[in-house]
Structure formats: C-alpha cells, structure tokens
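Enquirer: Okay, here's the prediction I keep looking at, along with the sequence it came from:
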Amino acid sequence: MEEIIRVENIKKTFRDNLEILKGISFSVEKGEVLSIIGPSGSGKSTMLRCISQLETVTDGTIKICGQTLVEKGIYADKKARHEIILKSGLVFQNFNLFPHYSVLKNVTAAQVRVLKKSKEEAEATAMELLKRMGLETKAKSYPCELSGGQQQRVSIARALALKPEVLLFDEPTSALDPELTGEILAVIKELASEKMTMVVVTHEMAFARDISSHIIFMDGGVIVEEGAPEDVINNPKQDRTKAFLARFNS
Amino acid sequence: MKKLILATIMVAALFAVTGCKKSDKKNGSDAVSAIKARGVFVLGLDDSFPPLGFRSDDNEIVGYDIDLAKEVAKRMGVDFRAQPIDWDAKEMELETGKIDCIWNGFTITEDRKNALSFTEAYLNNDQVLVVRADSGINSLADAKNKIIGIQSGSSAQEAVDDNASFASSISKLIMFKDNITALNDLDIGGVDGVVMDSVVANYSIVQTKKPFKVIDESLANEGYGIGFRKNEPELRDAVWAILKEMQKDGTVTAISQKWFGRDISTIK
Amino acid sequence: MPDRYIKMLQAMLTGSVTSLEVFFLTILFSIPLALPVAMGRMSRHKLLSATTNVFLLIIRGTPLMLQLLVVYFGPGLFIRWLVLRGYDVSFKWNRFVAAIVALSVNYAAYFAEIYRGGIESIPKGQYEAAKVLGYTPARTFFSIVLPQVIKRIVPAMGNEVITLVKDTALVSVIGVSELLMVAKERQGAMFSFVPLFIAGVFYFIMNWIVSIAFQRLEKKLAYYN
C-alpha cells in the first residue's frame, strides 16, 4: 500500500532550548486514519505543524507521498517544498478562514491563485464541496455570519478544494461548543468512509476510537504507545497511557 | 437641544469676555492714564528687523526703536515690554489690546493712516532691491524676468505696486513671513532679489557679511512712524511729545549714533 | 463688488489651488512611501529596523515646520558652502518641490506607524492558512493581509488626512503661497477679518469632504467583521 507520510526520528528544539520533539517515527498508509492523542505540551500539534511546514524540524526525515521534504535535518529546495505543501491540507483549531472573502471565495481562492484553475472550474469544485458539507446555501455569505461549526466545515472544504493526498486536522473541534462538535466529527467520519487519508490530533477519545485505523499516544515529545484503537484506548499497556486515559473515563 | 444651548452660551461668553476688553479702551481720554494705571507700555514688533527691533546674540530684544521706546516708557513712568508678533497680525494685536503700539520700522502709508493713529516720521527709509553681489543685477531694469521676494504685510508690496514698470517686468513675487527668511532664500538662489527697507538691508549686510549688495535706485521713499489705536490719538501725542523732548536734549542723537554712526533722526 | 474684494477673492482662489495641490501631491507620495518604511520598521534585520526606528523618531519627534525649513534651506546652504570653497556646483531647489518632499516624508512616517499597527494586528493564523494552501509570502501579503489591514486602518488614516489638510498651511514658511498666508496678508492689507473667515470656511469644507469620504469608505468595508 502506498505510504503517504513517513516520519523518521524527527527532533525539534525551540530557540529557548526547549526540546519539544525527541525522536518521533511513524508512517501513514493510503486510506488510513491516524489519530494522535496526548496531553497538552506533548508535541502533537508541533509535529503536525512540522509535517505541514508551518514549523521546521531540527533533525530527522519527513517524506510525503515518497517525496522528501527533509532528510536528516536538511530541507529540500523551494520548488520541492511548494509541491509537497500542496500534497497535504491542514484544518486549524481556529478555522483561520479569510474574513474578507465570501464562503465561496474562501474555497476557490487558492484553486485560482495557486493551482491556476479557471474561475468557473474552481467554483464548480467549490460548490460541489460546499454541497457535501451541507453549506451550498451559504456560498455568498461571509465567515462572520456563520456559526463555528459551519466555519469549520468551510475550512475543511477549503482544504479539500486543492485535492490533497492527506488531510491533517489540528484539534478541529477544540474551539467549538459541544453541540457543534458532532457535525465536524460526522464530516470527518464521512471522509473516512470515502477512504480519505487523514491524521487527526484530537481530545475526543470516543471519536478517535471509532474512526481511526491507528492511534498514537504522545507524551513529553515521544511516542509512548501506538496501535489499533481497541488496544491503545481499551487496553493501554503503558502506565502513562493509562494515567492519561483515566482522565477521560466516562 | 441641550448641546446647542450649551454651545450658544459658550460662544456668547466668549464675545462677552472679548467685548469687555474693548470697552476698557473706548473712553479715549483715559488712554494715557490707562497705561500709567497698567504700569506697562507694550510695543509690538517683528523681532527679525534689525537694527530697529531684533534679537541680540543673548536673545534679548534690542534695536534703535527699542532704545527709543524704553526711554519713552521711563519718562512716562511705566515699565516697558517688547512683544514679538506675527507681522501679518499686527493690526489685530493692536486692535485687541495685546500691544499698545506698533513701533518697528513701521512705514507710514495712506491706508495705514486711515486705520491707525500715526505719529510723524521719526526716520527716513527707502524701499530698495537687495541682490546677490555676483548676480549681475545692477539696476531695477536688470530685474526683468527675475523672481523677487518681499515680507508679507510690509510696505514693500506697496512699493512694488507703485513702480509699474518694475512690477510688470519681474516674473514672480514670493511672499515670506519675515525678511530674514527672504534673505536666506536670496542666499540659496530661491529668489533673485528682495525688496525691503534700506535701513534694515544695509545693517544686515554689514552684520552678516553675506555677499549681497543694495541697488542704488529707490523704489519708494518712506518715513517710519509709530502706530497707535485709532481711538487713542492722545497716547500718540503724549509719546511724540516725549520723543521731541528726547531729540531736544540729545538722547535721540546718542541712540542714533549708537546704531547708525550718526544722527539720522527726523524728529523735529 | 468693490475692487479690493475682487482682488481678495482672486488671490484667495489662487492660494486655495496651491493648498489643494500640496494636499493631493502629498497624499499621492506619502501613502505608497509609508509601506516600505513600515516594512523596514518590522524587518527581522536588526540594523534595518533600528535605522528605520531612528528615522521615525526624528520625523515624528520634530516640528513639521522645522523639517520644511531644513529640507528647503539645507541643500541650498550646503551648496553655497561648497561654492565658497571653490567647487563649481549649482543647484536650484524648487520651493514647491521641497514642500512636497518634506510633507510626504513626514506623513509617510505617520502612515507607516499606522500601517505597522494594522499589519501587526492580523492574526498569525491568516498567514498560516495561506501558507498551507500554497500561497507565496508576497501573494499572502497582497491578497490576504493587505485588504484586512486597509479595513482596520481607515479610521486612523482619516484622522491623519484631516490633519494634513490643515498642515498644508505650514508651507508658507518657505514662501509657498498657500491659502492661509494669502488670507493673512489680505487681512493685514485690508484691515478686515473677512479673508480669514473665508479661509476658515475653505478648510472646514475640505475637511468635511474628507470626513465624508472616509465614512463612506468605512461603510463600504463593513461587509464583514
């Protein structure tokens, strides 16, 4: 099966000598849904941001769809980095929609500017995605007029518009009211059923257990435990994993 | 509605305050006693007009007019204060009582005589053209198509207007706030000549040693006088009487010697 | 109408045209100039940002009138100094050009700080979202950041432009005959307050127009929050 993401021994130290990633390795295959769980400060968001090039690693290797982004700490050239960044899409905790663009333009803008698609093609793709998200009536609205859940769905459509190979989610429901969390999880579930490769950093344990093909538990910059959801969540082997999950016992 | 009422009250109060000040001066015969009561005689000047009224190196206001005025105030039994003003605003300063007279190489003109109480001339003056020594301009006729500067609000404007051939031959007339700026501009070539008082021009050139020269032809012959409020002729008469005394007893001659090297006073 | 009043109106009309020219040319040059200045101030290169900061401190910390005098007389006096030392140089600094230069630089400094405030208030997330979508830094700035900055700075810019309308009066200090100087001169020559009053009305009307224009702009940009 095609390997979409390969991460080997990535390390990251911040300027104030804080080592946030102490040697992370894992891989994600096509069609897989990987959930990453762990306490705050464990480095899980940082790791996702390293994969999507919002941060740089101090050492290690990252390959996306076989193309090398960084090899043992040495980064590829600008052209390669640009190609790679388009292979993944990132959905932020705070949506980060462009407030001065309509919902439709949020989804078409990058298609036109970056992929050089024509306006008609971009709008067709956008409307189709908005329809899947149940937001086709909101195409002409502005983000400030939408609820949090709706904005996050637009954000997902915006990422999908560039047809990435993998979709990354950085705590997609953490900024939402509990009632709205469900709609996002439903969207992600549906994407999973369509075999979209995804990596989701999340606090929603039940969700992680239900949709993931693979779970990683991170703590203190290392992977403490990983495996199938039933194993990690239902039968954690490591003490740290047990302690963490104990907090979520419902 | 409330705001409108408040605004009206404030404006009315403003008028009342300024109106009050004016009524002080209405009764003319009190002018001299008013000054004596206030205890100070305020002279308004453009403090960049040497040698009549200007700033010394110690930033004191000094000059021929200042020395005369100080002595006049002393003989009137009051203090003296020199008040620098914007030359364009001199009439307003006088009218609103901020100064008691305009005494600063103030040229007597018909228009001014209509609006103020003027003394007779205490000094003679010419409006002359000052140019750079190396400019090749040697007469008024040479100023054809040149750019000329003058001080705004000065009698230089009238002098230019009264010389039709000169006025029509120059290319542009630039106005400055004061003569020092005009001369600075002459120095850097922004203007080709400055029309100003010969008294000031000659003094400045000697003092600053700038490479300027004064064209011999006079554009206008004038007299300097002291301007008082129209409704205070008795103050003018009192001051002029003191000046005549000062001329008679040699005080004026001494002051004139100090500033001009000889007695050029026209007080009789 | 008496001849002197006709002469007054003619003079004041010429003066107001000059004031308008000064105003529009300053706006034309200072608004774009302020952007590189703001960039310099925000630059990561310590030397560049420190130098720009010193420049901003001087320009915003000294009177505009003084800057006008320096910009106009400075080069001229320097040339005279060179000529006295035997150098064969000549340079004629047009006073109107000097006025525009001094005003543009001065207002560019104020606008630059406003731009900087606006740019720094854009959340980091906007830059990150654009980056993961494949936008280049330049494209991110012009398509995503700048439009949002413009909306945020409109009120502050309106304030500065209104101040500029009034500051045009300062160019008289280097002999540019703008409206207020003409009005004062006519007031002195005519012993009448009428010219000053008319000048006041002119400035008031100009600023009224400016205020309305900025209010319209604010409204136009209010389609989102």
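Expert: Nice, thanks for sending it over.
Enquirer: For B:Asn221, give me its contacts.
Expert: B:124-126 (CB atoms under 8 Å, 6 or more residues apart in numbering or on different chains). The way it works is simple: take the backbone N, C-alpha and C, and place the C-beta from them, glycine included.
Enquirer: same for chain A: which of these are within range?
Expert: For chain A, no contacts are drawn from these by CB under 8 Å from any CB of the partner chain.
Enquirer: can you redo those as JSON lines with pLDDT, neighbour count and secondary structure?
Expert: Output for these, formatted as JSON lines (pLDDT from 0 to 100; neighbours: other CB atoms under 10 Å in any protein chain shown; DSSP: H, G, I helix; E, B strand; the rest coil):
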{"residue": "B:Asn124", "pLDDT": "91", "neighbour count": "14", "secondary structure": "strand"}
{"residue": "B:Asn125", "pLDDT": "91", "neighbour count": "24", "secondary structure": "strand"}
{"residue": "B:Asp126", "pLDDT": "91", "neighbour count": "19", "secondary structure": "strand"}
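Enquirer: Put together a markdown table for those, with distance to A:Arg153 on each row.
Expert: As requested, the contacts of B:Asn221 are arranged in a markdown table below (distance: CB to CB, whole Å):
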| residue | distance to A:Arg153 |
| --- | --- |
| B:Asn124 | 93 |
| B:Asn125 | 87 |
| B:Asp126 | 88 |
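Enquirer: in stretch A:106-114, what counts as buried?
Expert: A:106-111, A:113-114 (16 or more other CB atoms under 10 Å in any protein chain shown).
Enquirer: Dump those residues into TSV; add pLDDT as well.
Expert: Converted to TSV, these look like this (pLDDT from 0 to 100):
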residue	pLDDT
A:Asn106	96
A:Val107	96
A:Thr108	96
A:Ala109	96
A:Ala110	94
A:Gln111	95
A:Arg113	94
A:Val114	95
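Enquirer: in the chain, which ranges drop under the pLDDT threshold?
Expert: You didn't pick a chain, so chain A it is. A:1, A:249-250 (pLDDT under 70).
Enquirer: Switch to chain C, please.
Expert: Across chain C, the ranges flagged by pLDDT under 70 are C:1.
Enquirer: Find the helix or strand that the residue of it with the smallest separation from chain B is a member of.
Expert: Nearest residue of chain C to chain B: C:Gly76, at 2.6 Å (CB to the nearest CB). Element membership for C:Gly76 (DSSP states H and E) is helix C:64-84.
Enquirer: Next: A:Val107.
Expert: helix A:103-113.
Enquirer: Could you measure from the residue of the stretch 1-150 of chain B found nearest chain C over to C:Phe91?
Expert: Across the stretch 1-150 of chain B, no residue is closer to chain C than B:Asp88, which sits at 4.0 Å (CB to the nearest CB). Distance from B:Asp88 to C:Phe91, counting by CB to CB, to the nearest Å: 31 Å.
Enquirer: Tell me how chain B divides into domains.
Expert: B:1-28, B:29-124+B:223-260, B:125-221 (automatic domain parsing).
Enquirer: ok, back up a step: counting contacts, what elements does the helix holding A:Val107 pack onto?
Expert: helix A:119-132, helix A:148-160 (3 or more CB pairs under 8 Å, 6 or more residues apart in numbering or on different chains; DSSP states H and E).
Enquirer: which of those is buried the deepest?
Expert: Most buried of the helices and strands packed on helix A:103-113, by mean neighbour count (mean count of other CB atoms under 10 Å in any protein chain shown): helix A:148-160, with a mean of 24.
Enquirer: The residue of chain C closest to chain B: neighbour count?
Expert: 20 (other CB atoms under 10 Å in any protein chain shown).
Enquirer: Quick check: chain neighbours aside, which residue is closest to it?
Expert: B:Ile188 (2.6 Å; CB to CB, 6 or more residues apart in numbering or on different chains).
Enquirer: For B:Ile150, list the residues it contacts.
Expert: Neighbours of B:Ile150 in contact, by CB under 8 Å, 6+ apart: B:156-157, B:160, B:173-176, B:182, B:194-196.
Enquirer: least confident pick among the residues you listed?
Expert: Of all these, B:Gln157 has the smallest pLDDT value, namely 87.
Enquirer: Can you tell me the element that residue falls in?
Expert: Counting by DSSP H and E, B:Gln157 is part of helix B:156-162.
Enquirer: likewise B:Ser117?
Expert: Going by DSSP H and E, B:Ser117 is part of strand B:116-118.
Enquirer: do B:Ile205 as well
Expert: According to DSSP H and E, B:Ile205 maps onto helix B:198-208.
Enquirer: coming back round to it: how close does the residue nearest to C:Gly76 sit to C:Val89?
Expert: Applying CB to CB to B:Ile188 and C:Val89 gives a distance of 12 Å.
Enquirer: Number of residues surrounding residue 186?
Expert: Since no chain was named, I'll use chain A. 14.
Enquirer: Oops, wrong one, chain B.
Expert: Residue neighbour count, defined by other CB under 10 Å, stands at 24 for B:Leu186.
Enquirer: any idea of the pLDDT on B:Phe118?
Expert: The predicted local confidence for B:Phe118 is 93.
Enquirer: Please disregard the earlier target; I meant B:Leu219.
Expert: pLDDT at B:Leu219 comes out at 89.
Enquirer: on that earlier part again, packing partners for the helix holding C:Gly76?
Expert: Looks like helix C:64-84 contacts helix B:179-188, helix C:95-120 (3+ CB pairs under 8 Å, 6+ apart).
Enquirer: Off-centre distance for the helix or strand hosting B:Leu43?
Expert: Here B:Leu43, judged by DSSP H and E, is contained in strand B:40-45. Centre-to-centre, strand B:40-45 and its host chain are 12 Å apart (CA atoms, centre = their mean, to the nearest Å).
Enquirer: so what strands line up beside that strand?
Expert: Sheet pairing here is set by DSSP bridges, and for strand B:40-45 it gives strand B:79-84 (parallel), strand B:101-107 (parallel).
Enquirer: what's the distance between B:Phe41 and C:Phe91?
Expert: With CB to CB as the criterion, B:Phe41 and C:Phe91 are 48 Å apart.
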